[in-house]
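J.: Generate a structure from the sequence data that follows.
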Amino acid sequence: MQFDEALGEEEIPVRGGGPVARPAGTGVAHMFRAGDGGLRYLAHGTWHPGHMCDYSRSTEIAFSGLGVIARPEKREYWDGED
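T.: Reported below is the predicted structural model:
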């Protein structure tokens, strides 16, 4: 598989102590699904001031450069404008 290809619905099981690596700059998202015993992992990577992270289950978005986590709500374009 090429690094720039989307993984789609593919799931790859990993046992305790197993490494997971993703090459930087691919733009391919990743997700971890915990088993019955939960999940604990150590993450290492580079962050830049404009980094954003989407937490889809809680509908939150983290803006690391601002130190802000938000839960946006859908609004019409002119909502709140008088």
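J.: and the closest residue to Leu39 other than its chain neighbours, how far is that from Gly45?
T.: In space, and not counting its chain neighbours, Leu39 is closest to Phe32: 5.9 Å by C-beta to C-beta, 6 or more residues apart in numbering. The C-beta positions use only the backbone N, C-alpha and C, and glycine is treated the same way. Distance from Phe32 to Gly45, counting by C-beta to C-beta, to the nearest Å: 14 Å.
J.: Also Arg75?
T.: Counting by C-beta to C-beta - Arg75 and Gly45 are separated by 33 Å.
J.: what does Leu39 give?
T.: Leu39 sits 18 Å away from Gly45, going by C-beta to C-beta.
J.: circling back to that earlier point, check contacts around the residue nearest to Leu39.
T.: Counting by C-beta atoms under 8 Å, 6 or more residues apart in numbering, Phe32 touches 20, 39, 41.
J.: Would you mind giving the secondary structure of the last one?
T.: For Tyr41, the assignment made with DSSP: H, G, I helix; E, B strand; the rest coil gives coil.
J.: what's the neighbour count on it?
T.: Residues contacting Tyr41 under the criterion other C-beta atoms under 10 Å number 8.
J.: pLDDT score for it?
T.: According to the per-residue confidence, Tyr41 scores 81 in pLDDT.
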